[in-house]
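>>> Would you be able to build a 3D model of this:
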Amino acid sequence: MTCFLYDGTSEGLVSAIGQILDSGSDPGVATLAGREDTLFEEGLFLRTDPAAADVLFSRLRQRAPDAVHTIWYFMMAETGGLETSLLRYVVLALQHGDRINGHLTHDDVKAVVSAARKAARESHRMKGLLRFEQMRDGAWLARMEPDHNVIQPLARHFSRRLRDQRWFIVDLRRHSAASWDGRELSFGTLEQFSRPELSDEEQQVQAMWRTFFSTIAIPERRNPRLQKSNMPAKYWKYLTEKQGE
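Residues are numbered from 1 along each chain as shown. Predicted structure coming up:
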């Protein structure tokens with residue numbers, strides 16, 4: 001068995017897989033893991049090579065474009081310990097094309113597809129649960145702490161939906177941020193952006209929305225279980241209508 005190590009980044013992971021396939025090593029017996037820099041760590045370290053990552057993605061786009069989509073969401077899932085499964089998923093995708101996502105009896109395929117689907121579901125859910133608040137400078141701010149690193153698909157979605165507005169989306173769990181200035185989408189860290197205070201109008205609107213939300217509720221038809229299935233409690237922290245519950 002040949003053990004390979006990479007730097008722990010998404011680009012490094014794809015690059016390492018590309019290099020393993022190009023090296024002639026048998027991916028069926030190879031293992032891949034992030035380097036931990038421990039004293040007794042064993043394995044061949046593969047430096048990140050952006051060109052190798054680009055070549056691999058180019059091959060996959062031609063052979064299995066749906067698999068590329070799966071890999072993209074798999075990266076967002078940030079599921080540790082599945083690097084070897086991803087290596088074998090890529091090998092199978094190159095062999096079988098987009099039919100690979102139907103091979104769920106294969107443990108590695110199932111692991112990769114399952115992780116990707118969880119991230120994709122959260123990305124879709126957050127499109128409806130994200131709340132933008134207007135700041136004093138006129139920009140809009142949305143805060144979130146998702147389980148998966150879904151800021152990129154969300155930012156691209158809202159760059160189309162809110163093209164005429166200036167806004168920020170911040171992931172407080174990962175200290176990352178996305179901003180749209182009306183023309184260009186940018187990504188960075190929280191330290192690169194300052195957060196102004198809520199505008200007076202926004203505070204009034206939020207107060208009215210909470211009043212409206214509580215007023216239209218029919219106690220006899222209250223169904224907490226159904227509500228939490230559509231709007232999980234872990235997201236309530238940044239939902240205007242649920243603050244204070």
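>>> Could you chop this structure up by domain?
Domain assignment for the chain, taken from automatic domain parsing, gives 3-122, 130-242.
>>> Format the ones you listed as a markdown table; extra columns: mean neighbour count and mean pLDDT.
In this view, the C-beta of every residue, glycine as well, is placed from N, C-alpha and C. As requested, the domains of the chain are exported to a markdown table (neighbours: other Cβ atoms under 10 Å; pLDDT from 0 to 100):
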| stretch | mean neighbour count | mean pLDDT |
| --- | --- | --- |
| domain 3-122 | 17 | 93 |
| domain 130-242 | 14 | 82 |
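>>> From the contact counts, what lies against the helix ranked longest in the chain?
Identified as the longest helix of the chain according to DSSP state H is helix 107-129. Counting contacts by 3 or more Cβ pairs under 8 Å, 6 or more residues apart in numbering; DSSP states H and E, the secondary-structure elements packed against helix 107-129 are helix 65-77, helix 83-96, helix 151-161.
>>> which stretches of the chain form strands?
Secondary structure of the chain by DSSP state E: the strands cover 3-6, 31-34, 44-45, 132-134, 140-144, 167-171, 176-180, 185-189.
>>> residue contacts, the residue lying closest to Phe57 once chain neighbours are set aside?
Nearest-residue entry for Phe57: Val68, 6.5 Å, with adjacent residues in sequence omitted and distances by Cβ to Cβ, 6 or more residues apart in numbering. Under the criterion of Cβ atoms under 8 Å, 6 or more residues apart in numbering, the neighbours of Val68 are Phe57, Leu60, Arg61.
>>> From Leu86, how far off is the first one?
Put plainly, it is Phe57. Applying Cβ to Cβ, to the nearest Å, the value for Phe57 to Leu86 is 13 Å.
>>> Tell me which residue of this protein is furthest from the middle?
Most distant residue from the mean C-alpha position of the chain: Glu220, 38.1 Å away (Cα atoms, centre = their mean).
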